[in-house]
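How does the following fold in three dimensions:
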Amino acid sequence: MNATQNFIQENKDRFLSELVDLLKIPSVSADASYAEHVHKTAESVANHLTIIGLDNVEICKTAGYSVVYAEKIIDATLPTVLVYGHYDVQPADPIDLWTSPPFEPVIKTTAVHPEGAIFARGACDDKGQMFMHVKAMEAMLKTGELPCNVKFMIEGEEEIGSTNLAIFVENNVEKLKADIILISDTGMIANDVPAITTGLRGLSYVEVEVTGPNRDLHSGLYGGCVANPINILTKMIASMHDENNRIAIPGFYDKVVDLTDEERAEMAKAPFSLEKYCEALNLADISGEKGYSTMERGSIRPTLDVNGIWGGYTGEGAKTVIPSKAFAKISMRLVPDQDPHEITQLFTDHFNAIAPGSVRVKVVPHHGGEPVVTPTNSIAYQAASMAYETTFNKKPIPVRSGGSIPIVAMFEKILGLKTILMGFGLDSDAIHSPNEHYGLFNFYKGIETIPHFYKNFADLSK
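Numbering: from 1, shown residues only. So this is what the prediction gives:
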């Protein structure tokens, strides 16, 4: 695919400039005040797909944000790859921790990215990685080297749980018919250590509310006489882990599939420096479930974390009140074979059971998703492994990710399709955090590698 690779090299600057323009649009799906920008981003993605020469480009309406669809069917007898990505991004908060405005992309050099990285919300998750596929497709189309059929499905609700995507998929099974789904929304171990993600944790996300008195009270007149919802909530949350950092919800681990000693030993072969890990996060020490390594805690073990907690007075100065209510958002990352609905119910039952009679509690489930393990003996995995080996000069390491992409399990259930996860980001890219960024090396290397996947997949499918 020399012509394709030459085209990529000749157009690198334009590719980056187009990504910068896409990153300037604040497509925050979680905040309704950004709705106009989310719609504008869908239009921009559709425009890019049209310009590069894809057919049947559509902005498919849903009850929420649109799904952008496009295709290039060159020969019905050839295999078809369905590319999934998302154009929505996380909120940029807290804004004051960004070193540059989140929607004004800038290129900066870092120790990890000496050749430069683009700093902006969505740079890595997932606009930068999604856009790699658009540009790789452009290169193959412009040089006449597209070896198989390709369909694109780019959604705008991934960061809020892909609320309407399952409905879209169910209603478009024939349109989405393919042989494999290709996603770049994961990462590598390091720029010189490529990896293919073979497992994803599931997710159960809830919001809890603890109510005490019917109004905020004077802490002098009522302190010590009535329950303080914040005090109660923090005690309840603290009780969720035992002294070994195991989750203390009855039944929580009942369906967890433990890896064998051989599987854990294979995982341990991946390069990892605990010292560098702590240094990068400015930590004096690590924390986690007893009996497991840091890499295992972040991939093959379930977790429970408070993502936000609030209540009472948090403004400037002092206000001596006992609040009426306290709130928290809690996420639980799940592993095979934990069911998100069962875990949500176990959490709800436990939270109600441990609440003292002096307060009332409410649990509101948000979105969730099932854990996934993908095969390493498939044609798609071989095609991806060979593609990485071509551009990185080394075989990628199969890894399990600590993150969640709930739609992977949904795709398999509705479309009957497996997924190959070819990510090019790094753990240090600060996705979901202030100063999110994506290395230029990673962006370009992804564009260079993806065409090799298509060629390998087409060849191996013969």
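
contacting residues for residue 195?
By CB atoms under 8 Å, 6 or more residues apart in numbering, the residues touching residue 195 are 187-189, 270, 396-399, 423. Where C-beta positions appear, they are placed from N, C-alpha and C, glycine not excepted.

Quickly list the domain ranges of this protein.
Following automatic domain parsing, one finds the domains of the chain at 2-200+371-460, 202-256+302-365, 259-295.

residue farthest from the centroid of the protein?
The outermost residue of the chain, judged by C-alpha distance from the chain's mean C-alpha position using CA atoms, centre = their mean, is residue 221 at 47.6 Å.

Which residues does stretch 237-252 contact?
253, 287-291, 302-304, 306, 309, 328, 330, 332, 343, 346-347, 350, 354.

Show me those residues that map onto strands.
The subset of the contacts of stretch 237-252 located in strands under the criterion DSSP state E comprises 303-304, 306, 309, 328, 330, 332.

Adding neighbour count, pLDDT and distance to residue 439 as columns, could you present those in JSON lines?
Formatted as JSON lines, these follow (neighbours: other CB atoms under 10 Å; pLDDT from 0 to 100; distance: CB to CB, whole Å):
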{"residue": "303", "neighbour count": "18", "pLDDT": "98", "distance to residue 439": "27"}
{"residue": "304", "neighbour count": "20", "pLDDT": "98", "distance to residue 439": "32"}
{"residue": "306", "neighbour count": "14", "pLDDT": "98", "distance to residue 439": "31"}
{"residue": "309", "neighbour count": "15", "pLDDT": "97", "distance to residue 439": "33"}
{"residue": "328", "neighbour count": "20", "pLDDT": "98", "distance to residue 439": "35"}
{"residue": "330", "neighbour count": "21", "pLDDT": "98", "distance to residue 439": "32"}
{"residue": "332", "neighbour count": "25", "pLDDT": "97", "distance to residue 439": "31"}
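
Strands along the stretch 301-450 of the chain, start to end?
Using DSSP state E, counting those that start in this stretch, the strands found in the stretch 301-450 of the chain span residues 303-311, 321-322, 325-334, 360-369, 372-373, 397-401, 419-421, 437-439.

Which one of those lies nearest to residue 103?
Put simply, out of the strands of the stretch 301-450 of the chain the one that sits nearest residue 103 is strand 437-439, at 13.5 Å, with distance taken as CB to CB.

Run through the neighbouring helices and strands of that closest one.
When contacts are defined as 3 or more CB pairs under 8 Å, 6 or more residues apart in numbering; DSSP states H and E, strand 437-439 packs onto strand 117-119.

partners of the strand it packs on in the sheet?
The partner list of strand 117-119 in its sheet, established with DSSP bridges, is strand 106-108 (antiparallel), strand 437-439 (antiparallel).

How many neighbouring residues does the nearest residue to residue 410 once chain neighbours are set aside have?
On the basis of CB to CB, 6 or more residues apart in numbering, the spatially nearest residue to residue 410 that is not a chain neighbour turns out to be residue 166, at 5.3 Å. The number of residues packed around residue 166, counting by other CB atoms under 10 Å, is 15.

For the helix or strand encompassing residue 166, list every residue counted as buried.
Assessed by DSSP states H and E, residue 166 sits inside helix 165-171. Residues of helix 165-171 classed as buried: 165, 168-169 (neighbour count, 16 or more other CB atoms under 10 Å).

Stretch 254-274 now?
Those would be 259, 267, for stretch 254-274 by 16+ other CB under 10 Å.

Okay, and the beta partners of residue 207?
Residue 207 forms beta bridges with residue 329, residue 364, as assigned by DSSP bridges.

That one and residue 108: what is the separation?
Computed as CB to CB, to the nearest Å, the residue 207 to residue 108 distance reads 36 Å.

so what's residue 417 up against?
Here residue 417 is in contact with 82, 178-181, 411 (CB under 8 Å, 6+ apart).

again, 10 Å this time
Applying CB atoms under 10 Å, 6 or more residues apart in numbering to residue 417 gives the contacts 82, 176-181, 380, 408, 411.

go on, residue 461?
When contacts are counted by CB under 10 Å, 6+ apart, residue 461 is found next to 78-80, 147-148, 179-180, 379-380, 383.

what about the residue farthest from the centre of the chain, which SS state?
When states are read from DSSP: H, G, I helix; E, B strand; the rest coil, the local structure at residue 221 comes out as helix.

and if you look at the one 3 residues further on?
Classification of residue 224 into helix, strand or coil gives coil, according to three-state DSSP.

burial of it, as a residue count?
Using other CB under 10 Å, residue 224 has 8 other residues around it.

how near is it to residue 183?
Taken as CB to CB, the spacing of residue 224 relative to residue 183 amounts to 55 Å.

Tell me where the stretch 1-150 of the chain is predicted with low confidence.
Under the criterion of pLDDT under 70, none of the stretch 1-150 of the chain is flagged as low confidence.

can you give me the helices in it?
Assigned by DSSP state H, counting those that start in this stretch, the stretch 1-150 of the chain shows helices spanning 2-10, 12-23, 35-51, 127-143.

I'd like the contacts of residue 195 written out as TSV, with pLDDT added.
Compiled in TSV, the contacts of residue 195 are given as follows (pLDDT from 0 to 100):
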residue	pLDDT
187	94
188	94
189	92
270	85
396	95
397	92
398	91
399	90
423	97
